[in-house]
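>>> A predicted structure for the sequence below; I have some questions about it.
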Amino acid sequence: MSTANTPPGSSGHPSGGQPAGFLDGLTRLLHTIGELADKGAELKESGLFETESGKQGRVNVGFSIRTAGTGQPGEGGLKVEPFGNVRRNRETGEAELAAVREPIVDVFDEEGEALRVVAELPGIDESQVTLRADGRTLVLEAEDGSKRYHAEVELPREVRVEEASISCNNGIAEITFS
């Protein structure tokens, strides 16, 4: 099958089914990992990363790969989410070191009960976590000296930040909305 008219990032699979979406997601992931590996040549033995502007810092980067949905028709797919402190500059497309880390975040909707957000925030306690909500988007920020975290998380429903309870234990923050 010819893919000459296939848009970038699409397999052109005629069924439009999930296997094609899964393979497209995997292809994009491998391409991104390859770009980061190329950028890894800039790492020094100390583990420091230096950008073109001369900024240095430690590299913390990874990907969380999940299947999404409940298995209902029309729902689901592969979800690849980056975390860490390396970002792609939207203007140049180059990888760059960010001062703020994006933590790994999971959302658990316990229907009829609580909505639970779990984030990996090493070195942070409850008093250092700030929450804001805008519709179904939760903005999580935390800071302790040189450790700074920021995440914007899409939630399955709207929440009221005033009703949140936060606990931190061994680098894991658990935020519960009743």
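It's in. Computed from a predicted structure; not experimentally measured.

>>> In the protein, where is pLDDT below threshold?
1-22, 36-83, 85, 87, 97 (pLDDT under 70).

>>> let's go with 80 and repeat that
For the chain, the stretches flagged by pLDDT under 80 are 1-26, 29-90, 93-99, 111-112.

>>> Sketch out the helices for it, chain order is fine.
18-39 (DSSP state H).

>>> Break down it into its strands, ranges please.
Under the criterion DSSP state E, the chain contains strands at 48-50, 56-58, 61-68, 77-88, 95-102, 105-109, 115-120, 129-134, 137-144, 147-154, 164-169, 172-177.

>>> got a list of contacts for the last one?
Contacting residues not belonging to strand 172-177 are listed as 114-121, 124, 126, 129, 131, 138, 140, 142, 159-160, 163-168 [CB atoms under 8 Å, 6 or more residues apart in numbering]. Where C-beta positions appear, they are placed from N, C-alpha and C, glycine not excepted.

>>> Only the buried subset of these, as a PyMOL command please.
In PyMOL syntax, the buried subset of the contacts of strand 172-177 is picked out as below (16 or more other CB atoms under 10 Å):
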select buried, resi 115+117+118+119+120+121+124+129+131+138+140+142+159+164+166+168
